[in-house]
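# Give me the fold of what follows.
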Amino acid sequence: MDKDGFKFFLVLLILSIIALVLSRYWGIAMLIVALVFLLGSSFIMFFFRDPSRKVPEGDDVLVSPADGRIVEIKDAEDSFVGEGKHVAIFMSPFNVHINRVPFSAKVIDIKSRNGKFLPAYKTESEFENARVEVSFRSAQGFGILVRQIAGVFARRIVCRLKKGMDVMTGQKMGLIRFGSRVEVVFPSDFRVAVKIGQKVIGGVTIIAELKR
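Predicted coordinates for the structure are as follows:
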């Protein structure tokens, strides 16, 4: 379980134990409360699960920064990346919510922006929702952006990277709580290797390959 979920798990577990003890005096009603808290702690364990991942080898692949479903693929032009592609991934509350670095690089900048909390599967969320944007520069000189975008229930974005860090492909970079959207923008040196509607696994699924 990711450390960000441990405090929620601990609180719910303690409350369930207290309710269970009180059920000896207050009967079935408190026993039901204990069960509700216990189910809540189980959900927290499920939501903040952090399974191990086997990251593909090689410096010519760009991996998915998140678990979820591909909802958008389009051409993009960015002042940092240049001409390239934009791939968006929608994470439901049932996906693993750990976000990962798509390509070995150095963290150049991290920007946060306040905004709305529209449903993360909608295209408008790309422009209007709160987000954290991380800029990476690879040893080959490629500029890559990863955007962690909030959703209706995702009101907290966690980014554990810092400016100037050297990071590796598949390395954990943070998470977004309770369903959201992650986008990656990469240069035209890469060829898109996924399609709309495809399910992807963070740190495992190759979403783009370096052109030969």
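
# Check whether F43 sits in a helix, strand or coil.
helix (DSSP: H, G, I helix; E, B strand; the rest coil).

# Tell me how many other residues crowd it.
Neighbours of F43 under the rule other Cβ atoms under 10 Å: 15. Glycine gets a C-beta too; all of them are placed from N, C-alpha and C.

# How much space separates it from R49?
11 Å (Cβ to Cβ, to the nearest Å).

# what's near enough to touch F6?
F48 (Cβ atoms under 8 Å, 6 or more residues apart in numbering).

# and it, what helix or strand is that in?
Here F6 sits within helix 3-26, counting by DSSP states H and E.

# element containing the spatially most central residue of the chain?
The residue lying closest to the centre of the chain (Cα atoms, centre = their mean) is N99, at 3.6 Å. Using DSSP H and E, N99 sits within strand 98-100.

# ok, residues contacting that strand?
Counting contacts by Cβ under 8 Å, 6+ apart, the residues outside strand 98-100 that touch it are 2, 50, 53, 63-67, 146, 148, 170-176, 182, 202-203.

# which ones are touching V134?
Per Cβ under 8 Å, 6+ apart, neighbours of V134: 107, 109-110, 145-148, 159, 161, 173.
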